[in-house]
Every structure is written in structure tokens, then in C-alpha cells.
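# Structure for the following, please:
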Amino acid sequence: MAELGSLGATVRAAVGKSGGDANAWIGAYAAKDGWFRLDQAQRRLEAWVANLDDEPEERPLGVVRGVYDDACRAMADGFTKALLAAKWTVSPSLHQTRIYSEIVSEQPKPVAYFFVDAMRYEMGVELSERLPKSVEVSVRAAICALPSITPIGMAALQPGASSSFSVVEQGGTLGAKIDDAFLSDLTARKKFAASRVPNLVDIALDELLSLQPSKLAKKIEGAQVVVVRSQEIDHAGERGFTFQARQVMDTVIDNLARAIRKLAAAGVEHCVLTADHGHLFFPSDRDESMRIDAPGGDQIELHRRCWIGRGGATPAGCVRVTAAALGYESDLDFVFPIGSGVFKAGGDLAFHHGGPSLQEMVIPVVTVRMKARETQRASAGPVTATGLPDAVTNRIFSVTIRLDGKNLSLFSNELVVRPLLISAGKQVGGVGMAVDGDFDRATGCVKLRAGKPVTVAFLLSDESSPSLRVVIQDPTTDAELYRSPTDIPVRLGV
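Okay, here's the model as predicted:
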């Protein structure tokens, strides 16, 4: 809470001094110590709160949430006005439609191309920090196509989008057009990609993580491009169950890292991960004062942060943009809230996207090279764990881990480890804090010293897991230094 409040005040002050250059706003957001850190701190806090049995004291939590809300509103308002002044052009920045042609197609083959629905920039940065230190990884910012909704963003990531891309309506259906192909849904996009990319394999993240290594290797054998689709973030947010969504979002980053490592073991050394759009996610539904009536007119689609159609009236606090102004060959109009407000689109409005805020439009492009190798697993390592529960009955529980001083011939008197909770090959939780040991929240790593026990508090993020195991990894090599001997059943509420 203190970190979020401090960052919120710092970012709010910086936003107030920013000028009208849209590219400067993007640069300030995505810089090494940029404004994105505010969103990262907010996500971590809300994930922690969602895992607590008792919520923290209401007043201080409300204060820091208010600071974040105010900073987001100022950022959205200022960035939208900067885009308007720039006539919606940010040409020096990498545009989403160029990701395939300029980055993916240039990678050595085979290459994995991850489409992560609703992954915002800060999550891409955190993913890069959770990969082994030996991995070659870079993160750069790109600007997604407007409106920042899934059918448009996912189409913009397709081959050919750099030379021909428009947002159009056909027969009352909204979609994107590349050359003569109209892409309105997943089926159309998969068919289009298969026609443009020879030897393409398309797989969901969940299936990839569930497959045995031999079956995964067989499935992707001969593939030049392996498309990996993750919809967990967007699905969790759109369902309206805010607490559950927070828990799911915190596990997706680690499971993407696991998928990269699993692909490397199957021979795919190069990966590019990006998103169709980002998102704004507040702790509760938007206040009635922030809900905006739709423009009316010939409405094609209405989303939380954008209206698409023709005619109608532009509500106060909104901006209207023609398709032609965005470079599209159509007669559509788009209406966006200028600040962080939402249209009255039904459902829980805590999670939303579609508009021109930095959190929605700035997406990560994470480029990874991880050398193919056999998965390393140590049957007996220098790390031990005690105090394992007979059953997990709380989302937060503690375990004591120790670096054994007896078997340190290959290790120094200090060792950095990554403790995890694993279920059916997927990460379902990690460390939230450590007592008597140095803890790096960004990477989830703990520093152990020989003979000195460290108590770690695990946070179970996925409540649907029937059982789990405690696994302790070497973050540099991913070698397992410890794995609990048996499955630990999960019995929340018992």
C-alpha cells in the first residue's frame, strides 16, 4: 500500500508536467523506471488483497486506491488529448500491425508467437524478469490498433497487417480487413494465418502446459511458427468476478514463463510474446458518475471503453474519431471516453478496455531466446523444506526452507532459489513474503544462507487446484532443488 501510494503521487506529479507530445507520453510510460511501475504495484497489491482472508483496514486501502484512480484518470485524459493533437499518429513508435513483419518473421525458425489476450505492458516486463538469468530477453513497447478490443488487436498481429489493415463493418458485423480477407472472429483469423504461414501450428496455452514433453514435441514437429494463445487474463476480467480474476492474472505470467521453458526443451529456442490490447482494472465497479450514456445513432458495437457505429451524439467527456482519421478505409465512427470513464455497457465495469489510455494501448513485445536443453531435475539437492501442511486449508500458508550445510560442494554458502506451488504442471502460486531471508518480489526469489532457516509465506492463486506440490527451483537453470514428496490436497474452507 505504501509503495502504491508513493508511486501514485510521483506519477501524478509527472503527468501534470507533461506536454502535448503523444510519443513523449509513451516514452515516459514505458521507460526503464517509467509510469508502468504504478500499474505493476497496483496489480501486486490487489492480488495480495484478493488472497487475504481478512481485507486490510478500509481507510488506508481506500486512500491508496484513490491515489491510483486519480493518477489513471489524469494519464488517460492527458494521453487522449495528446493523441488528438497529434491527429492520432504516433509514427516513431512501433505499431501493432508491424510486429509480425518486423519482429516475428525475422526470428530464426522455428519461432513461437504468443498471443496473450489483455496482457498490458507492465506484465510483459515482469515476465521478462521471471525468466532464468541465462535467457536472452528484451522488452519493447508497441502501440495497439484502435479500438483496443480483441477482434481488432488479434487481427493486427496477423501476417500482412503491416501493408493492409482496416477496421470495417460487413453485414452488421465488426471486424478487420487485410487485403480481401474479412477477419471477424477466431475461426477466420486461424484460417487466414494458416493460409499465409506454411507449417503453422496453433495451440492454447493450457494445452501446451498439459502436454507431456514427448507429445508436445510430436505436435510441433516441423512447424516454422507455433502460435500459442492465452485468453486467461481477458476471460477472468470479463467474467466480472474481481477477486478470482486477480488470482488468475497473477498466475498467468508464471505459466507463460513455464511455457517458454517447455518449448525450449522441445526445440523451440525463439519466442515473441505480445498482446492484442492492455486493460484498466480497478478494485470495484465504476461509480455511477463515471458511467456514460451511449451515443445512440446507428450502433454497430458497444464496449466498456468504445462505441462503434455511425451518427448519434458525442456525450460530454468523450471524443469522436472517424475511421479515416485512424487510417481505415471505412465510414465508421469511434467514440471514446477522454478520461477513465466507461459506457453503460452492462456487467461489472471494474475491468475494461477498448479506449485510448496508456494502459490499454501500450502493449509489450517480449523477444526471448532460450537455448534448447533437457529439463533439469535434481532428485536430491541442498535445499530442504519442513512444516509442509497435511492439507492446504488457507490461501496463504507458510513453509520453512533451509540451505543444508552438509552438501555444499557445488554451492556457495548462499543460494538464490525460487519457491513455487505446482499443480498438474502449472504454477498455481508463489511466495508473497519471507521471514529471515531476502525476498525479491519481482522475480519471486529468496536468498538462502547455509544453516539459516527461512520461513516463506506462499500465496495460492488458483483455488480450483485439487492438490499441489511445493517445488524449489534454481532460477538460473530451472533445475529442481526440492519437490515435496507427495501431493498436498487443497481443501479451502475446511
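# From here on, just use CA atoms for contacts and neighbour counts.
OK.
# care to break the chain down by domain?
Split into domains by automatic domain parsing, the chain comes to 87-374, 383-489.
# next one: the shortest one to chain centre, how far?
Yep, that's domain 383-489 we're talking about. Chain-centre distance of domain 383-489: 24 Å, with C-alpha atoms, centre = their mean, to the nearest Å.
# Find the residue at the geometric middle of this structure.
Residue closest to the average C-alpha location in the chain (C-alpha atoms, centre = their mean): Met119, at 3.0 Å.
# what about this protein, any weak spots by pLDDT?
Applying pLDDT under 70 to the chain picks out residues 240-244, 285-286, 347-348, 372-381, 405-412, 493-494.
# Off-centre distance for the helix ranked longest in it?
Criterion DSSP state H: the longest helix present in the chain is helix 58-85. Remark: helix 58-85 is offset 20 Å from the chain centroid, using C-alpha atoms, centre = their mean.
# got the contact list for the helix or strand immediately after that helix in the chain?
On the C-terminal side of helix 58-85, the nearest following helix or strand under DSSP states H and E is strand 94-95. Contacts to strand 94-95, defined as C-alpha atoms under 8 Å, 6 or more residues apart in numbering, come from residues 141-145.
# Can you tell me which of these is closest to Asn255?
Using C-alpha to C-alpha, Ala141 is the member of these that lies nearest Asn255, at 21.6 Å.
# Assumed the closest one was part of a helix.
No: assignment of Ala141 by DSSP: H, G, I helix; E, B strand; the rest coil gives strand, placing it outside any helix.
# and the closest residue to it other than its chain neighbours, how many residues sit next to it?
Setting aside the residues directly before and after it, Ala141 is nearest to Pro364 in space (C-alpha to C-alpha, 6 or more residues apart in numbering), at 4.9 Å. Pro364 has 29 neighbouring residues, counting by other C-alpha atoms under 10 Å.
# hang on, the earlier thing: let me know which of the domains of the chain is the nearest to Asn51.
Proximity to Asn51 (C-alpha to C-alpha) singles out domain 383-489 among the domains of the chain, at 6.1 Å.
# Span of that closest one from start to end?
By C-alpha to C-alpha, to the nearest Å, the extent of domain 383-489 from end to end equals 23 Å.
# still on that earlier bit, how about the secondary structure of the residue nearest to the centre of the chain?
Met119 is classified as coil under three-state DSSP.
# Could you look up the SS state of Val168?
Reduced to three states with three-state DSSP, the structure at Val168 is strand.
# is it true that it touches Leu332?
Yes: taking contacts as C-alpha atoms under 8 Å, Val168 lies within contact range of Leu332: 7.2 Å.
# Count the neighbours of the closest residue to Val15 other than its chain neighbours for me.
Leaving aside its chain neighbours, Val15 sits nearest to Met75 (6.4 Å; criterion: C-alpha to C-alpha, 6+ apart). Burial of Met75, expressed as a neighbour count using other C-alpha under 10 Å, amounts to 27.
# which ones are touching Met75?
By C-alpha under 8 Å, 6+ apart, the residues touching Met75 are 12, 15, 339, 357-358.
# tell me which of these is nearest to Arg369?
Nearest to Arg369 out of the contacts of Met75 is Leu358 (C-alpha to C-alpha; 27.8 Å).
# Got phi/psi on the closest one?
Leu358 adopts backbone torsions of phi -60, psi -40, taken as degrees, to the nearest 10.
# Next one: it from Asn23, what distance?
Distance, Leu358 to Asn23, by C-alpha to C-alpha: 11 Å.
# same thing with Cys271?
In terms of C-alpha to C-alpha, Cys271 sits 27 Å off from Asn23.
# quick one: which of the two has more around it?
Taking neighbours as other C-alpha under 10 Å, Cys271 and Asn23 compare with Cys271 leading, 27 against 18.
# The helix or strand encompassing the more buried one pairs with which strands?
Element membership for Cys271 (DSSP H and E) is strand 270-274. Strand 270-274 has the following strand partners under DSSP bridges: strand 111-116 (parallel), strand 362-369 (antiparallel).
# Not counting the longest one itself, show me its contacts.
Looking back up the chat, that one is strand 362-369. If you take C-alpha under 8 Å, 6+ apart as the criterion, strand 362-369 is touched by 26, 99, 119-125, 128, 135-144, 269-278.
# Can you flag the buried ones in the residues you listed?
26, 99, 119-125, 128, 135, 137, 139-144, 269-278 (16 or more other C-alpha atoms under 10 Å).
# Could you dump the domains of the chain into JSON lines and include distance to Phe36?
Written out in JSON lines, the entries for the domains of the chain read as follows (distance: least, C-alpha to C-alpha, whole Å):
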{"stretch": "domain 87-374", "distance to Phe36": "6"}
{"stretch": "domain 383-489", "distance to Phe36": "14"}
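# Out of those, which one sits most buried?
Here the criterion is mean neighbour count by mean count of other C-alpha atoms under 10 Å, and of the domains of the chain the winner is domain 87-374, at a mean of 20.
# Spit out the contact partners of Ser340.
By C-alpha under 8 Å, 6+ apart, the neighbours of Ser340 are 72-73, 76-77, 290, 357.
# residue boundaries of the helices in this structure?
2-16, 22-30, 36-51, 58-85, 99, 121-129, 150-156, 186-196, 205-210, 213-219, 232-238, 242-265, 358-361.
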